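K.L.:
Pasting a predicted model and its sequence here:
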Amino acid sequence: MSLVDRFRNFLACYARKDLAAISRMLAEGATLRDWDISLQGRAD
């Protein structure tokens with residue numbers, strides 16, 4: 001799977017608010033940020 005495909009898959013999961021799928025994509029120490037919040041780690 002190419003990086004573009006992985007990113008599109010991430011965006012699709014994000015749009016569906018599929019947190020379980022997003023969690024499986026991320027490393028344990030991953031950090032996600034936007035303008036309002038910052039999250040570190042993943043929910044198992």
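P.N.:
Great, that's in hand. Residues are numbered from 1 along each chain as shown.

K.L.:
Show me where this protein has its strands.
P.N.:
Taking DSSP state E, the strands of the chain run over residues 31-33, 38-40.

K.L.:
Let me have the ones you listed in JSON lines, adding mean neighbour count, mean pLDDT and distance to residue 17 as columns.
P.N.:
All C-beta spots, glycine's among them, are computed from the backbone N, C-alpha and C. Converted to JSON lines, these look like this (neighbours: other C-beta atoms under 10 Å; pLDDT from 0 to 100; distance: least, C-beta to C-beta, whole Å):
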{"stretch": "strand 31-33", "mean neighbour count": "11", "mean pLDDT": "84", "distance to residue 17": "14"}
{"stretch": "strand 38-40", "mean neighbour count": "10", "mean pLDDT": "83", "distance to residue 17": "14"}
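
K.L.:
In JSON lines, list the ones you listed along with distance to residue 24.
P.N.:
Below are those laid out as JSON lines (distance: least, C-beta to C-beta, whole Å):
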{"stretch": "strand 31-33", "distance to residue 24": "14"}
{"stretch": "strand 38-40", "distance to residue 24": "15"}
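
K.L.:
Tell me which of these sits nearest to residue 8.
P.N.:
Closest to residue 8 of those is strand 31-33 (C-beta to C-beta; 17.2 Å).
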